[in-house]
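Student: Need coordinates for the below:
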Amino acid sequence: MKLAELAQTLGAEYRGAPDLEITGVAGIEEAGPGQVTFVANPKYAGLAKKTVAGAVLVAPDFPDIKAATLRINNPYLAFARTIEIFHPAPTYPTGIHPTAVIHPTAKVGHGASIGAYVVIDEHCVIGDHATILPHVVIYPHVRIGDHFFAHAHAVVRENCRIGSHVILQNGVVVGSDGYGFAKDDSGKWHKIVQSGPTIIEDEVEIQANSCIDRASVGETRIGRGAKIDNLVQVGHGSSIGENTLLCAQVGLAGSTHIGDDAILAGQVGVAGHCHIGDRVIVTAQSGVGGNIEAGKIISGSPAYDNRQWLRVCAIMPRLPELLKQFERKRKTETNSSIET
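Tutor: Okay, here's the model as predicted:
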């Protein structure tokens with residue numbers, strides 16, 4: 001693809017030879033002639049001056065460099081689109097594999113691709129243009145919208161509802177039983193039936209081996225456009241707002257409620273019945289035990305304001321020396337008092 005053609009496809013302004021042949025994409029330190037890279041973070045601007053890449057995606061006000069540039073308001077998003085151009089997703093032929101088991105009462109829309117050993121149980125409804133890869137299991141009475149994509153070994157449990165343009169990566173379980181038990185008079189744990197469904201709204205992606213539990217009563221809900229990383233646990237009766245990100249190994253106890261546009265970084269844990277507001281950012285490995293107001297950035301375990309946490313982290317390595325200084329001062333003051 002020529003540089004000018006790529007610029008037109010992306011809606012970018014190009015500076016450089018329009019006939020430059022672009023053959024692929026790479027990171028800024030690995031890219032060679034003929035490859036496209038990007039700079040979205042100013043701290044990597046220096047690397048752009050040294051790169052031997054054929055072209056660099058940059059913001060419109062980025063200074064001129066030796067390499068050709070493609071100037072656009074969101075270089076990172078443009079780079080993502082460029083990857084799609086040079087590495088298109090695999091396509092799957094429409095039709096139903098002969099080993100798939102689909103209950104006679106189930107309804108699958110047109111244009112579907114149903115892979116080997118898929119099971120779709122009774123009274124399920126799946127919209128148009130679904131792609132369901134091998135060994136996916138969909139329990140009874142599930143309702144799914146259009147353009148559903150389920151990778152191998154994903155499972156959707158009974159009575160759950162899934163919107164359109166939803167992606168389930170390998171090993172995802174939607175609607176597994178919530179962790180609910182009550183102790184009887186003899187001290188044994190009695191299982192609480194998890195009667196409420198999990199509801200996944202439109203344009204959600206849930207990545208590999210994450211579990212979204214069903215509710216004991218009510219529902220568990222993942223809001224439109226939310227993205228859930230690998231190995232995430234969403235407890236029963238929780239709700240996740242629109243466009244919220246849950247990064248790898250986040251764990252939410254039951255009845256956790258998270259607002260819109262929030263970000264929980266890797267290994268964040270949230271205690272049950274907490275309310276986290278819109279646009280909250282919780283940094284990695286933080287432990288949340290209470291409610292958080294909208295727009296806050298918090299860190300630590302137990303979690304508190306991020307700026308205060310940064311100050312505490314800066315002081316921690318100095319604590320032994322500060323303790324020595326305190327002890328020396330205390331002894332000096334004690335001796336002075338005795339002499340007086």
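Student: any chance you could map the helices in the protein?
Tutor: With DSSP state H as the criterion, the chain has helices at 3-10, 45-50, 75-86, 306-315, 319-339.
Student: pLDDT (mean, whole number) over the first one?
Tutor: Yep, that's helix 3-10 we're talking about. On average, the pLDDT along helix 3-10 is 96.
Student: Just want the angle from it to helix 75-86.
Tutor: Between helix 3-10 and helix 75-86, the angle comes out at 110 degrees (axes from the mean of the first three to the mean of the last three C-alpha atoms, to 10 degrees).
Student: So for helix 3-10, what gets flagged as buried?
Tutor: 3, 6-7, 10 (16 or more other C-beta atoms under 10 Å). (Each C-beta comes from the backbone N, C-alpha and C, glycine too.)
Student: Please identify which two of those are farthest apart in space.
Tutor: 3 and 10 (10.8 Å; C-beta to C-beta).
Student: picking that back up, dump the helices of the chain to TSV, plus distance to residue 293.
Tutor: Formatted as TSV, the helices of the chain follow (distance: least, C-beta to C-beta, whole Å):
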stretch	distance to residue 293
helix 3-10	39
helix 45-50	35
helix 75-86	29
helix 306-315	13
helix 319-339	30
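Student: residues near residue 213, how many?
Tutor: 26 (other C-beta atoms under 10 Å).
Student: can you tell me which residues contact it?
Tutor: Listed by C-beta atoms under 8 Å, 6 or more residues apart in numbering, the contact set of residue 213 reads 175-179, 194, 198, 220, 233-236, 238, 254.
Student: give me that answer again for 7 Å
Tutor: Shown in contact with residue 213 (C-beta atoms under 7 Å, 6 or more residues apart in numbering): 176-179, 220, 234-236.
Student: Pull the most distant pair out of these.
Tutor: Put simply, by C-beta to C-beta the two of the contacts of residue 213 set farthest apart are 177 and 234, 12.9 Å from each other.
Student: Pick out whichever of these two has more residues nearby.
Tutor: Each of residue 177 and residue 234 has its neighbours counted (other C-beta under 10 Å); residue 234 has more, 30 against 16.
Student: Tell me the spacing between the residue lying closest to the more buried one once chain neighbours are set aside and residue 192.
Tutor: Nearest residue to residue 234, sequence neighbours excluded (C-beta to C-beta, 6 or more residues apart in numbering): residue 212, at 4.6 Å. Distance of residue 212 to residue 192, computed by C-beta to C-beta, to the nearest Å: 18 Å.
Student: give the contact list for the closest residue in space to residue 289 that isn't next to it in sequence.
Tutor: Of all residues not flanking residue 289 in the chain, residue 271 sits nearest, at 4.7 Å (C-beta to C-beta, 6+ apart). Contacts for residue 271 (C-beta under 7 Å, 6+ apart) come out as 253, 288-289.
Student: what pairs with the closest residue to residue 233 other than its chain neighbours across the strands?
Tutor: In space, and not counting its chain neighbours, residue 233 is closest to residue 251: 4.6 Å by C-beta to C-beta, 6+ apart. In this entry, residue 251 is beta-bridged to residue 233, residue 269, by DSSP bridges.
Student: Now that residue 251 has come up, it's in contact with residue 269, right?
Tutor: Yes: contact criterion C-beta atoms under 7 Å: residue 251 and residue 269 qualify, at 4.8 Å.
Student: low-scoring pLDDT stretches of the protein, where are they?
Tutor: 338-340 (pLDDT under 70).
Student: Any idea how many residues pack against residue 52?
Tutor: Residue 52 - counted by other C-beta under 10 Å - has 12 other residues nearby.
Student: Same question for the one 4 residues further on.
Tutor: Residues lying near residue 56 (other C-beta under 10 Å) number 28.
Student: that older thread, can I get the contacts of residue 213 in TSV including distance to residue 144?
Tutor: As requested, the contacts of residue 213 are exported to TSV (distance: C-beta to C-beta, whole Å):
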residue	distance to residue 144
176	17
177	20
178	21
179	25
220	16
234	19
235	23
236	21
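Student: Kindly indicate which of the residues you listed lies nearest residue 25.
Tutor: Taking those together and measuring to residue 25 by C-beta to C-beta, the closest member is residue 234, at 33.3 Å.
Student: quick one: contacts for that closest one?
Tutor: 212-213, 220, 240, 252.
Student: biggest separation within those residues, which pair?
Tutor: Applying C-beta to C-beta across these, the maximum distance is between 213 and 240, 12.3 Å.
Student: Residue 201 against residue 223, yeah?
Tutor: Yes: between residue 201 and residue 223 there is a contact at 5.5 Å, judged by C-beta under 7 Å.
Student: Residue 83 contacts residue 25, correct?
Tutor: Yes: under the criterion of C-beta under 7 Å, residue 83 makes contact with residue 25 at 5.3 Å.
Student: neighbour-wise, which of those two wins?
Tutor: More neighbours surround residue 25 than the other of residue 83 and residue 25, with 21 against 13 (other C-beta under 10 Å).
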